[in-house]
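K.L.:
Coordinates for the following, if possible.
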Amino acid sequence: MFNSAVFSPAALYTPISFTGQEMRANEGANQIFDVVKATVDAAKKSAQEDMEDALFGDGTGNGGKSIIGLAGAVPITTNAGTYGGISRVDHAIWRTTTYDADTAFPTIGTQVNSMTIRPMLNKVMSARSRGTSAADLLLMSEEHYFAYDAATTAIQRVTREGGLAKLGFQSMEYIGGGRTAEIVLVSGLNNSMPANTTYGLDTDSLALRYRPGFNFDMLFDGEGQMPINQDAMAQFIGWEGALTMSNPLFNWRFYDSDPAS
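P.N.:
Numbering: from 1, shown residues only. Below you'll find the model as predicted:
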């Protein structure tokens, strides 16, 4: 039963502190820079970047205190270890699926490029779907995204206007294998997305859950709290929750273990 799974929440806190002198030097009519607001904004950005690293990790980061991210939820080796308190060795129903381009598609090819990526994705989407259930979000590394982009002509390419695109992500729409899904490019400086990888995610069964009031929110009311024995102010940016899965059947990883061959 799905309620046999147990996901322990993890917490992320980013501390902020100011001396009274720093605050007084940046207020009043002569203020040219709101150092308090700028520092809080920078702390939120830092916390979100730490969260991105955790979302692509396996839960071993920060001494095992990170959330179990996609590397643990949709691993390369699917029949090993425990996830959500359930053994993947003993329970095949609790395993996601992995496709290695080097071996999984002998009639199509062994490399992911503009000629092979659509047939490969069509095979995966057709195999890992049932009824109305299938992966509806494809997270792609640069290699897969650019191969897919090159595989479509301008008239075939469908740019996704809603969904994650409205949040600033580079987004297209996959149409094939009898399915549609949103394609999102995961790239950028020091990003944590594995190279030569596509995650196929069923967002009905995979969810990032957080406690109300702990979604990169400030822990203390107002700008912060001032200790009674110090001329200073302290604040924390907090997030607490877990990435949970209720049905592994339609979540998969497509990768190329040997891009050179």
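
K.L.:
Show me where the stretch 101-250 of the chain dips below the pLDDT cut-off.
P.N.:
Within the stretch 101-250 of the chain, the stretches falling below the threshold (pLDDT under 70) are 153-171.

K.L.:
now do 90
P.N.:
Within the stretch 101-250 of the chain, the segments meeting pLDDT under 90 span 131-132, 151-180, 187-192, 213, 216-236.

K.L.:
Now for N79: which residues touch it?
P.N.:
Residues in contact with N79, defined by C-beta atoms under 8 Å, 6 or more residues apart in numbering, are R88, V89, A92, R95. To be clear about C-beta, it is placed using only N, CA and C from the backbone, and glycine gets the same treatment.

K.L.:
element containing it, please.
P.N.:
Under the assignment given by DSSP states H and E, N79 is not contained in any helix or strand.

K.L.:
for the contacts of N79, which one is nearest R118?
P.N.:
Minimum separation from R118 among those (C-beta to C-beta) is found for R95, which lies at 26.2 Å.

K.L.:
That closest one is in contact with A80, isn't it?
P.N.:
No: with the criterion set as C-beta atoms under 8 Å, R95 and A80 do not qualify as a contacting pair; they are 9.4 Å apart.

K.L.:
Overlap of the contact sets of these two?
P.N.:
In terms of C-beta under 8 Å, 6+ apart, R95 and A80 are both contacted by the residues R88.

K.L.:
Which of these two has more residues huddled nearby?
P.N.:
The residue with the greater number of neighbours, taking R95 and A80 and applying other C-beta atoms under 10 Å, is R95; the counts read 18 against 12.

K.L.:
Give me the three-state assignment for A38.
P.N.:
On the three-state scheme (DSSP: H, G, I helix; E, B strand; the rest coil), A38 is labelled helix.

K.L.:
Sketch out the helices for the stretch 151-261 of the chain, chain order is fine.
P.N.:
Per DSSP state H, counting those that start in this stretch, the stretch 151-261 of the chain carries no helices over any range.

K.L.:
which phi and psi does the spatially most central residue of the chain have?
P.N.:
Ranked by distance to the mean C-alpha position of the chain (C-alpha atoms, centre = their mean), the top residue is L55 at 4.6 Å. Backbone torsions of L55, given as degrees, to the nearest 10, read phi -60, psi -30.

K.L.:
now the spatially closest residue to it that is not a sequence neighbour: how far from L189?
P.N.:
Spatial nearest neighbour of L55, chain neighbours left out: G69 (4.4 Å); criterion: C-beta to C-beta, 6 or more residues apart in numbering. Using C-beta to C-beta, to the nearest Å, one gets 19 Å for the distance from G69 to L189.

K.L.:
Looking at those two now, which is surrounded by more residues?
P.N.:
Here G69 and L189 are compared on neighbour count by other C-beta under 10 Å; more neighbours surround G69, at 21 against 4.
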